[in-house]
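*Asks:* can you look at this prediction? I've put the sequence above it.
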Amino acid sequence: MSNLLIKLFVKDADNIKSNPVRQSYGKLGGMVGILCNLFLCIIKITVGLICGSISILADGLNNLADMGSSIVAIIGFRLAGKPADRDHPFGHGRLEYMSAFIVAVLILLVGFELLTSSAEALNTKQTPNFSVWTILVLIISILVKFWMYLFNRKIGKKIDSGVLIATAQDSFNDMIATVAILLTLTVSSFLTLPINLDAVMGILVSIFIIFSGITTAKDTIDQILGKPPEKELIEEIQSTILTFEEFVGIHDLIIHNYGPGRQFASVHVEVPQNIDIVKCHEQIDLCEKLVGEKLDLSLVIHMDPIDVDNEEVFEIRNKLADGIKIIHQGLSLHDFRMTPVSEKRTNLIFDVVIPSDLKLSINELEERIATVAKLINPTFQCVITFDNDYTGN
């Protein structure tokens, strides 16, 4: 069914880097959500009123809220697909993350509403009426929601869409809630209990929905604030750059995410200081183009010339690099230079990348690195520039 719908309503479905194609996927996911949730809302509210079940009525209202989520998803995809303009030179892609956050808020509102209504009904002794029609409606709901979960997860992962993945999680929540309701009605029909099991199950389901909403909201807020890039992407960028023989190493990699398919990056590439500048510039242009085509990422490379022929510099650099690992395993250095000032002083000039989990202050770190350098040679004086690690490693 999923493949048939994609084939019918998404032209050029495999070209997921195209904004029109992404919008088609988003519109398809939204329309499927609206139609399925409208159907479930009608039958659940009808059955809930007939059998007097708080949890079924709440579940039906939840489907009504899910329709709103689907509408938000459609609007979000349409707005996110707008081209860049003067006020938004990087495009509108982050609106897709905002849409996912709105869906998360709707999930939370439904969870709190269900928690309130279930808590109010906790002291009542009303037992829902149980019938074959009730079972049939709940089973249909479980099957529909499970298919919606698989469908939204499939297209969400295909186009890397946070809003569709959030919608898929919402469908999974609904499926779990309906399974719980079915179990509650079954137990209530055969056993007489001193508590309102329907209300208790409603409370448990609402807690599950609230927890899921908080998790979804956190994921989308991380995207909006700027979460670290995926480790696989960092490794792909590094391995691609280092396929060029003239490039010795990389550092200061920064990646900015302005929405799916809208990533920009900058990086410093170390090259031998005696390299031909025209040839190096040509290689940088080729590398930027290769990374863009391979990873769908706009890359800017800054060249850092280093001395690769001086064995003494190379040896001291390696000793210092190994020494600072004792302070913290995540520390690294680059742009290393040695400048003799006098017989009693040699300046070591370099940059140090600070990992995000380092607990030392800059002054404390500088003192410890200076101690490591003195152990190598008492005449060494460190001149350090500290950089932050923006890759989250």
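*Replies:* Sure thing, it's come through. None of the values given here were measured: they were computed from a predicted structure.

*Asks:* tell me which residues of the helix or strand hosting Phe77 are tucked away?
*Replies:* Assigned by DSSP states H and E, Phe77 belongs to helix 54-80. Residues 54-70, 72-74, 76-78, 80 are the ones in helix 54-80 that count as buried (16 or more other Cβ atoms under 10 Å). C-beta coordinates here come from the backbone N, C-alpha and C atoms, glycine included.

*Asks:* just stretch 111-119 next, same as before
*Replies:* Taking 16+ other Cβ under 10 Å as the criterion, stretch 111-119 shows 111, 113-115, 117-118 as buried.

*Asks:* excluding its backbone neighbours, what's nearest Leu358?
*Replies:* His328 (5.4 Å; Cβ to Cβ, 6 or more residues apart in numbering).

*Asks:* contacting residues for that neighbour?
*Replies:* Counting by Cβ atoms under 8 Å, 6 or more residues apart in numbering, His328 makes contact with 355, 358, 360.

*Asks:* Pro89: which of those is nearest?
*Replies:* For the contacts of His328, the closest approach to Pro89 (Cβ to Cβ) belongs to Pro355, at 31.8 Å.

*Asks:* that closest one: neighbour count?
*Replies:* Applying other Cβ atoms under 10 Å, we find 15 residues neighbouring Pro355.

*Asks:* re earlier: how far off centre is the helix holding Phe77?
*Replies:* 22 Å (Cα atoms, centre = their mean, to the nearest Å).

*Asks:* after it, next one along is what?
*Replies:* helix 95-120.

*Asks:* model confidence over that following helix, on average?
*Replies:* Averaging pLDDT along helix 95-120 yields 83.

*Asks:* what of stretch 224-239?
*Replies:* On average, stretch 224-239 scores 88.

*Asks:* need the CA coordinates for it. CSV is fine.
*Replies:* The C-alpha trace of stretch 224-239 is given here as CSV (Å, rounded to 0.1, in the frame of the first residue of the first chain):
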residue,chain,number,x,y,z
ILE,A,224,16.5,24.2,16.0
LEU,A,225,19.3,25.1,18.5
GLY,A,226,22.0,23.4,16.4
LYS,A,227,22.9,19.8,17.4
PRO,A,228,26.3,18.3,16.5
PRO,A,229,26.6,16.7,13.1
GLU,A,230,26.4,13.0,12.8
LYS,A,231,29.6,11.1,13.3
GLU,A,232,29.2,9.4,9.9
LEU,A,233,29.0,12.8,8.2
ILE,A,234,32.2,14.0,9.9
GLU,A,235,34.1,10.8,8.9
GLU,A,236,32.8,11.1,5.3
ILE,A,237,34.0,14.7,5.0
GLN,A,238,37.4,13.8,6.5
SER,A,239,38.0,10.8,4.4
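
*Asks:* pLDDT weak spots in the stretch 51-200 of the chain?
*Replies:* 53-55, 124-130, 188-189, 191-194 (pLDDT under 70).

*Asks:* and the nearest residue to Lys158 once chain neighbours are set aside, what does it touch?
*Replies:* Closest residue to Lys158 apart from its sequence neighbours, by Cβ to Cβ, 6+ apart: Ile16 at 6.1 Å. Shown in contact with Ile16 (Cβ under 8 Å, 6+ apart): 22, 25, 158-160.

*Asks:* distance of Ile16 from Tyr25?
*Replies:* 8 Å (Cβ to Cβ, to the nearest Å).

*Asks:* give me the common contacts of those two.
*Replies:* Joint contacts of Ile16 and Tyr25 (Cβ under 8 Å, 6+ apart) are 158-159.

*Asks:* hey, which helix is longest across this protein?
*Replies:* In the chain, ranked by residue count with DSSP state H as the criterion, the top helix is helix 19-51.

*Asks:* which strands and helices sit next to that helix?
*Replies:* Other helices and strands packing on helix 19-51, by 3 or more Cβ pairs under 8 Å, 6 or more residues apart in numbering; DSSP states H and E, are helix 2-9, helix 54-80, helix 132-158, helix 162-190.

*Asks:* do that again at 6 Å, thanks
*Replies:* helix 54-80, helix 132-158 (3 or more Cβ pairs under 6 Å, 6 or more residues apart in numbering; DSSP states H and E).

*Asks:* now it against helix 2-9, angle please.
*Replies:* Angle of helix 19-51 versus helix 2-9, following axes from the mean of the first three to the mean of the last three Cα atoms, to 10 degrees, is 120 degrees.

*Asks:* okay, angle between helix 19-51 and helix 54-80 too, please.
*Replies:* Going by the same axes, to 10 degrees, helix 19-51 makes 160 degrees with helix 54-80.

*Asks:* tilt between helix 19-51 and helix 162-190?
*Replies:* Going by the same axes, to 10 degrees, helix 19-51 makes 20 degrees with helix 162-190.

*Asks:* mind listing what's buried in helix 19-51?
*Replies:* So for helix 19-51, counting by 16+ other Cβ under 10 Å, buried means 19, 21-34, 36-37, 40-41, 43-45, 47-48, 51.

*Asks:* give me the pLDDT value at Lys325.
*Replies:* Listed pLDDT for Lys325 reads 93.

*Asks:* for Lys7, same thing?
*Replies:* 84.

*Asks:* so what's it up against?
*Replies:* Counting by Cβ atoms under 6 Å, 6 or more residues apart in numbering, Lys7 makes contact with nothing.

*Asks:* state the mean pLDDT of stretch 294-303.
*Replies:* For stretch 294-303, mean pLDDT rounds to 91.

*Asks:* residues of that stretch that come out buried?
*Replies:* Neighbour-count burial for stretch 294-303, counted by 16+ other Cβ under 10 Å, picks out 297, 299, 301, 303.
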